[in-house]
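K.L.:
pasting the sequence and the predicted model now:
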Amino acid sequence: MKVQVAESAGFCFGVRRAIDSVYGEIDKNNGPIYTFGPIIHNEQVVDDLNSKGVQVIDDVENLKKISEGTVVIRSHGVAKNIYDILQHRHLNIVDATCPFVKKIHNIVARESEKGKIIIIIGNDKHPEVEGIKGWVKGKAIVINQAAQIEKLQIKENSSICIVSQTTFNHNKFKYLVEIIQKKGYDITVVNTICNATHVRQVEAKKISSEVEAMIVIGGKHSSNTQKLYDICKKECKNTYYIQTVNDLDLCELKSFESIGITAGASTPKNIIEEVHTECQK
């Protein structure tokens with residue numbers, strides 16, 4: 001069996017930086033450590049941190065109950081009001097927000113300050129998008145489907161700034177922007193899809209078009225992994241979305257002569273290696 005692993009599979013820069021930040025705080029041993037939401041969308045990593053005493057805070061009300069310790073801002077970033085709460089409670093803040101996400105926060109804050117309506121292309125319920133909305137001063141609209149554009153209640157000639165969730169599908173972003181541009185608005189477009197995401201998507205598309213089966217590895221709540229799966233599924237009908245090697249159906253895989261493997265930005269290298277090894281048996 002021929003097995004091809006994507007070179008871009010696994011941790012991106014922002015995820016690696018966030019994880020290193022938490023483990024660095026563990027090494028300092030300076031009191032309780034919390035993350036606001038899971039540091040990344042990978043259950044194995046979150047479970048390991050939990051075993052080392054790192055607690056996940058899931059909502060603002062529980063955050064307000066913390067009186068001491070360190071709170072690590074996860075890679076997806078958070079709304080401005082979360083920083084305000086942390087500072088008010090005099091908690092130590094370690095900001096592990098991905099720099100590409102932080103750039104979007106700065107863009108929407110600056111452009112909305114000018115009076116522009118902010119359109120975010122992405123998943124409205126994703127923590128990254130929720131964080132971005134929290135930096136907008138004024139109106140923010142989230143879309144991810146063409147049908148939503150037809151329902152926009154924005155006056156013609158309105159000033160608009162369009163940004164994207166960093167892990168959004170690159171081609172779909174361009175497609176949606178083209179539709180919005182026909183609406184007669186005064187538009188500023190900032191493609192904020194991170195380059196690592198684009199490279200991973202392009203490579204996944206290429207590999208999945210060349211193999212009989214494709215394996216996509218990542219957390220079940222990982223947006224960028226879901227996008228990879230969607231891209232691969234269009235190219236290869238035998239595409240499998242798994243979290244760990246335990247999810248593999250080895251009997252079914254034995255019927256294929258060529259397999260491709262890619263993984264989301266929050267997937268540890270050891271999990272990718274385990275899947276690769278299993279496929280070669």
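P.N.:
Cool, got the structure.
K.L.:
which parts of the helix or strand bottoming out on mean pLDDT in the chain are buried?
P.N.:
The helix or strand of the chain with the lowest confidence, counting by mean pLDDT, DSSP states H and E, is helix 250-253 at a mean of 86. Neighbour-count burial for helix 250-253, with 16 or more other Cβ atoms under 10 Å as criterion, is recorded at residue 253. Backbone N, C-alpha and C define where each C-beta goes, glycine included.
K.L.:
ok, stretch 95-112 next?
P.N.:
Neighbour-count burial for stretch 95-112, counted by 16+ other Cβ under 10 Å, picks out 96-98, 100-105, 107-109, 111-112.
K.L.:
which residues touch the least confident helix or strand of the chain?
P.N.:
Residues from elsewhere that reach helix 250-253 (Cβ atoms under 8 Å, 6 or more residues apart in numbering): 1, 213, 259, 278-279, 281.
K.L.:
then stretch 166-184?
P.N.:
Outside stretch 166-184, the residues within contact range by Cβ under 8 Å, 6+ apart are 98, 100-101, 104, 119, 121-122, 128, 143-144, 146, 149, 152, 154, 156-157, 160, 162, 164, 187, 189, 191-194, 197-198, 201, 223-224, 227, 230-231, 265.
K.L.:
give me the buried entries from the residues you listed.
P.N.:
Buried members of those, counted by 16+ other Cβ under 10 Å: 98, 100-101, 104, 119, 121-122, 128, 143-144, 149, 154, 160, 162, 164, 187, 189, 192-194, 197-198, 201, 223-224, 227, 230-231, 265.
K.L.:
all the strands of the stretch 151-281 of the chain, in order from the start?
P.N.:
Using DSSP state E, counting those that start in this stretch, the strands of the stretch 151-281 of the chain run over residues 159-164, 186-189, 213-217, 239-242, 258-263.
K.L.:
can you tell me which of the ones you listed is most buried?
P.N.:
Burial of these is given as mean neighbour count (mean count of other Cβ atoms under 10 Å); strand 213-217 ranks first at a mean of 28.
K.L.:
which strands and helices lie in contact with it?
P.N.:
Applying 3 or more Cβ pairs under 8 Å, 6 or more residues apart in numbering; DSSP states H and E, one finds that strand 213-217 contacts helix 195-208, helix 223-235, strand 239-242, strand 258-263, helix 269-279.
K.L.:
give me the pLDDT value at residue 195.
P.N.:
Looking at residue 195, its pLDDT stands at 89.
K.L.:
how much space separates it from residue 100?
P.N.:
Distance, residue 195 to residue 100, by Cβ to Cβ, to the nearest Å: 8 Å.
K.L.:
also residue 134?
P.N.:
With Cβ to Cβ as the criterion, residue 134 and residue 100 are 17 Å apart.
K.L.:
neighbours around the closest residue to residue 113 other than its chain neighbours, how many?
P.N.:
With sequence-adjacent residues excluded and distances taken as Cβ to Cβ, 6 or more residues apart in numbering, residue 113 is closest to residue 137, at 5.5 Å. A count of nearby residues for residue 137, using other Cβ atoms under 10 Å, gives 16.
K.L.:
and the contacts of helix 250-253, which two are the farthest apart?
P.N.:
Taking Cβ to Cβ, the two most distant members of the contacts of helix 250-253 are 213 and 281; they sit 15.2 Å apart.
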